[in-house]
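# okay, sequence plus prediction incoming.
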Amino acid sequence: MVTLTDIDIIQLLRKNNLNQDTLQEDVVAKLRELGFKVATAESCTGGLLSERITRVSGASEVFDCGICSYSNAIKSKVLGVSEETLTILGAVSAETAIQMAEGVKRVSGADIAVSTTGIAGPTGGTAEKPVGLVFVGVCTKDKAYAVKLMLGGVNTVNSRTYIRKLATDAALFSVLSECYAANN
């Protein structure tokens with residue numbers, strides 16, 4: 001599994017000539033060009049990912065569904081995350097992120113589904129799962145995977161706003177990457 005830090009995400013965006021503030025516009029434009037739909041399932045980002053997508057005029061052409069599943073009960077009941085996964089691995093895990101993405105894809109019928117689950121802080125972290133640990137889940141018709149993000153710690157202030165913004169940047173970049181992969 002790929003692990004990215006805050007610096008990695010910023011460098012990836014720069015390397016691909018993408019602006020953090022307009023990334024959602026690039027995503028909506030590419031989805032529209034391909035005739036694709038995207039759906040979101042969010043925990044730690046609390047709807048920010050869906051908000052960023054729907055901030056773009058014309059987003060209704062590419063976005064039908066966003067589920068904010070902050071509680072484990074909703075992750076299980078609505079998205080179909082297994083109780084076993086939640087009990088053994090916890091809500092903050094690659095497996096939960098993947099199952100969240102698979103669940104919102106199933107519910108929505110979208111071409112690409114993306115999820116976020118993690119610890120946005122500034123409290124709630126542990127030695128095993130520190131503040132800034134986020135998993136982004138991605139599900140397409142061909143695959144499902146997770147990306148691990150380490151967004152808190154020594155190099156950054158454990159700012160909830162910073163962590164949530166970078167998590168949505170990573171999720172949007174993942175959607176864009178899947179669009180490009182599907183286009184080739």
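That came through fine. Numbers count the residues shown, from 1 in each chain.

# all the strands of the chain, residue numbers only.
For the chain, the strands defined by DSSP state E cover 3-5, 38-42, 63-68, 112-118, 133-139, 144-150.

# tabulate the ones you listed (a markdown table), appending mean neighbour count, distance to residue 14 and mean pLDDT.
Any C-beta I mention is one placed from the backbone N, CA and C, and that applies to glycine too. Listed next are the strands of the chain as a markdown table, based on neighbours: other C-beta atoms under 10 Å; distance: least, C-beta to C-beta, whole Å; pLDDT from 0 to 100:
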| stretch | mean neighbour count | distance to residue 14 | mean pLDDT |
| --- | --- | --- | --- |
| strand 3-5 | 16 | 14 | 96 |
| strand 38-42 | 30 | 23 | 98 |
| strand 63-68 | 18 | 26 | 98 |
| strand 112-118 | 30 | 21 | 98 |
| strand 133-139 | 28 | 19 | 98 |
| strand 144-150 | 20 | 17 | 98 |
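
# nearest to residue 77, out of these?
strand 63-68 (10.8 Å; C-beta to C-beta).

# for that closest one, list the C-alpha coordinates in CSV.
Presented in CSV, the C-alpha positions along strand 63-68 are these (Å, rounded to 0.1, in the frame of the first residue of the first chain):
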residue,chain,number,x,y,z
PHE,A,63,-22.0,13.7,-8.8
ASP,A,64,-25.1,12.0,-7.5
CYS,A,65,-24.2,10.7,-4.1
GLY,A,66,-22.2,11.6,-1.0
ILE,A,67,-22.6,9.7,2.2
CYS,A,68,-21.2,11.2,5.4
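
# can you list the strands that it pairs with?
Using DSSP bridges, strand 63-68 pairs in its sheet with strand 38-42 (parallel).

# next, the angle strand 112-118 makes with the strand it pairs with.
Compare the direction of strand 38-42 with that of strand 112-118 by axes from the mean of the first three to the mean of the last three C-alpha atoms, to 10 degrees and you get 10 degrees.

# so what's the gap between strand 38-42 and the chain middle?
Relative to the mean C-alpha coordinate of its chain, strand 38-42 is positioned 7 Å out (C-alpha atoms, centre = their mean, to the nearest Å).
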